[in-house]
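Colleague: After the sequence you'll find the predicted model.
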There are 2 protein chains.
Amino acid sequence: MADSITQISGEDSLIARYFRPIATDPGAFNLDDDAAALRPSGDDIVVTTDAVVEGVHFLPNDPPDTVARKALRVNLSDLAAKGATPTGFVLTLALRSADEAWLKPFAQALGEDAAHFGCPLLGGDTVSTPGPLMISITAFGRVTPGKMVHRSGARPGDRVVVTGTIGDAALGLDVLKNGPAAAALANDAAAKEALIARYRVPQPRNALANAIRDQASAAMDVSDGLAGDLTKLCAASGVSAAIDVPSIPLSSAASALLAHGTVSIEAIVTGGDDYEILCAIPGDRFEAFIQAARQSGVAATSVGSIIAGTAAPVFLDAQGRELVLKRLSYSHF
Amino acid sequence: MADSITQISGEDSLIARYFRPIATDPGAFNLDDDAAALRPSGDDIVVTTDAVVEGVHFLPNDPPDTVARKALRVNLSDLAAKGATPTGFVLTLALRSADEAWLKPFAQALGEDAAHFGCPLLGGDTVSTPGPLMISITAFGRVTPGKMVHRSGARPGDRVVVTGTIGDAALGLDVLKNGPAAAALANDAAAKEALIARYRVPQPRNALANAIRDQASAAMDVSDGLAGDLTKLCAASGVSAAIDVPSIPLSSAASALLAHGTVSIEAIVTGGDDYEILCAIPGDRFEAFIQAARQSGVAATSVGSIIAGTAAPVFLDAQGRELVLKRLSYSHF
């Protein structure tokens, strides 16, 4: 049967060779069908979709395994921020050609991440394009009915919390583009590699999803820059926020670059691709949330408070002066 | 709040202006969030994903309203073939620029189709691309648990049934490309328009979904050509088929072009983009299925039988001679 399928079409052969081995969920029907099926579990199914485009979200010479991981993880990050447990994904792959040297490591890394995060490949579509590579993923998660965490629930008095560290991915991109960060870190290969890894391979905080579901009043992932994404969360919630800039968690590499004046704090809080979680935690749940984060191995840091009002969030330095941000975040248009 | 969102990013403004008005389902959360939610209904959720790429699946000068309808309908066609009732979709839109003259009619037509087919927009992602326009849609349908119709259930003795007419879309593309069909129909503007419409705007057979769910042993939609898709269905079912070529339903335009020798029957049975349903119906359910099709206003025609064996399906002409098909269908690679 595989032989006759091979005769039918290069597209089917490509799917059979590279993607069938990683489509292990029964609902994927071995990728032999036109659709997948999600069985009812009584939970809500959270649906998120994010695409990555060559030259926009990843660089043309990024390794295929990192492209695969990024494409899936940017979606896993959304599920984590919504308090949902991953349950599967579908993949649309737009390729210029069926290049085995690219597809093999791409599919292998995708399968590894799918297994690691418990998010199996359920189906997909492979199309040819004369343009840049594009990977569009729609991912599914399950959450207790009605318990998906929204952007809109933040209330004055809530603590503003971010996971991990902020700004590394934008600095990693700067290194890859031979920008100021690359020059400043010329003799620190380890720091450069660490920043590049943060750009290429996000670390979605799915381990924290249940704590977010149970404790956060509002949450989203930080994909377009902390300042802009916080502004969106506040706008959706009808609130404002005051952020203590020195509290924003930075990696040692980012701290050093900031201390040496290589980059500005503005670049760090408006750089994209962090894929950390930004959430609002009511004061009486803050300790429980930090405790849960610690147990799940994810750093979580309070960086300020939700305040009343509809003004844009303010970012205050150690002297209480407000940062003036020329732009808030990355926008495609 | 809309104003502050407009300030944040062109991408958010674009979503607010064009897509929020058509995202009427409560699970879309007004497109204010990072994810949508599908509430549990006890049904299986059927998931399908299909992308259309400018220059591959549609032509650069196809009107934006037809591009929108095609992008959604190729997915609705899959849901129909699986016996599922549409319940919503997410959209990934890769654009070179935020061109209002294109986006406005695109979004309006998408909203009209979403309403017409009961398949609301639930969420999406808008990204910039330096390459061709690409629209990737993941659509969801509901079906009684375990009742999704597969490619793999066809059994010897089943009737092979197709809906509508076959080959028109490929002829419409030929007209648009000023091929032989355009020359032959130079004085028949109505026929040309009808064929072009079949290429640009598929007619998904969702009205027939319940009959397929209840009566078909196997089904898929015909997207890459009848011959190739039947070969796939037979391979998945471990059977073969004998097709009576004169029984294949043709439009009057296709019949005329075939009669005049402008196109070959091979081109008709291997042309893509039909988006009709191909299914296998056990003999004892055939009359009920045809009756249900008639009641739902969808033409359904028996074109042959499933037979034992694993050879490729045979296409027999009026004299019982086997057609030799050089290629079976469209393949991207």
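Modeller: Happy to help now that I have it. Since we're looking at a predicted model, the values are computed, not measured.
Colleague: Distance of residue A:182 relative to chain B?
Modeller: 24 Å (CB to the nearest CB, to the nearest Å). Yep, even glycine has a C-beta here, placed from its N, CA and C like the rest.
Colleague: Can you list phi and psi of that residue for me?
Modeller: Main-chain torsions, residue A:182, degrees, to the nearest 10: phi -60, psi -40.
Colleague: One more: residue A:201?
Modeller: phi -130, psi 90.
Colleague: Please enumerate the strands of the stretch 101-250 of chain A.
Modeller: In the stretch 101-250 of chain A, the strands defined using DSSP state E, counting those that start in this stretch lie at A:121-128, A:134-143, A:159-163, A:218-222, A:240-244.
Colleague: Now tabulate those strands in a markdown table and tack on mean pLDDT.
Modeller: Converted to a markdown table, those look like this (pLDDT from 0 to 100):
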| stretch | mean pLDDT |
| --- | --- |
| strand A:121-128 | 92 |
| strand A:134-143 | 97 |
| strand A:159-163 | 98 |
| strand A:218-222 | 98 |
| strand A:240-244 | 98 |
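Colleague: for the ones you listed, which one sits closest to residue A:77?
Modeller: With CB to CB as the criterion, residue A:77 lies closest to strand A:218-222 of the strands of the stretch 101-250 of chain A, at 4.3 Å.
Colleague: Just the residues contacting that closest one, thanks.
Modeller: A:77-78, A:80-83, A:149-154, A:158, A:162, A:166, A:204, A:212, A:229, A:232-233, A:236-237, A:274-280, B:33-34 (CB atoms under 8 Å, 6 or more residues apart in numbering or on different chains).
Colleague: Check the stretch 101-250 of chain A for the residue nearest chain B and tell me.
Modeller: residue A:131 (1.9 Å; CB to the nearest CB).
Colleague: and the closest residue in space to that residue that isn't next to it in sequence, how far is that from residue B:40?
Modeller: Nearest non-adjacent residue to residue A:131, counting by CB to CB, 6 or more residues apart in numbering or on different chains: residue B:131, 1.9 Å away. In this view, residue B:131 and residue B:40 are 39 Å apart by CB to CB, to the nearest Å.
Colleague: again with residue A:143
Modeller: Taken as CB to CB, the span from residue A:143 to residue B:40 is 11 Å.
Colleague: Pull up the overlap in contacts between these two.
Modeller: What both residue A:143 and residue B:40 touch, as defined by CB under 8 Å, 6+ apart, is the set A:43-44.
Colleague: more neighbours, these two?
Modeller: Legend: neighbour count by other CB atoms under 10 Å in any protein chain shown for residue A:143 and residue B:40, higher for residue A:143 (23 against 14).
Colleague: which intervals of chain A have sub-threshold pLDDT?
Modeller: In the prediction, chain A carries residues with pLDDT under 70 at positions A:1-11, A:329-333.
Colleague: Restricting to C-alpha, output stretch A:237-252 in PDB.
Modeller: The C-alpha trace of stretch A:237-252 is given here as PDB (Å, rounded to 0.1, in the frame of the first residue of the first chain):
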ATOM      1  CA  SER A 237      -8.900  44.300  31.200                       C
ATOM      2  CA  GLY A 238      -9.800  48.000  31.300                       C
ATOM      3  CA  VAL A 239      -6.900  48.800  33.700                       C
ATOM      4  CA  SER A 240      -3.400  50.200  33.700                       C
ATOM      5  CA  ALA A 241      -0.200  49.000  35.300                       C
ATOM      6  CA  ALA A 242       2.900  50.400  37.000                       C
ATOM      7  CA  ILE A 243       6.100  48.400  36.300                       C
ATOM      8  CA  ASP A 244       9.200  48.600  38.400                       C
ATOM      9  CA  VAL A 245      11.800  48.300  35.600                       C
ATOM     10  CA  PRO A 246      14.700  47.200  37.900                       C
ATOM     11  CA  SER A 247      12.500  44.200  38.900                       C
ATOM     12  CA  ILE A 248      12.200  42.900  35.300                       C
ATOM     13  CA  PRO A 249      14.100  39.600  35.300                       C
ATOM     14  CA  LEU A 250      17.200  39.700  33.000                       C
ATOM     15  CA  SER A 251      19.700  37.000  32.100                       C
ATOM     16  CA  SER A 252      23.300  37.600  33.000                       C
END
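Colleague: And it, how far out from the chain middle?
Modeller: Distance, stretch centre to chain centre, for stretch A:237-252: 19 Å (CA atoms, centre = their mean, to the nearest Å).
Colleague: can you check stretch A:103-120 too?
Modeller: How far stretch A:103-120 lies from its chain's middle: 16 Å, per CA atoms, centre = their mean.
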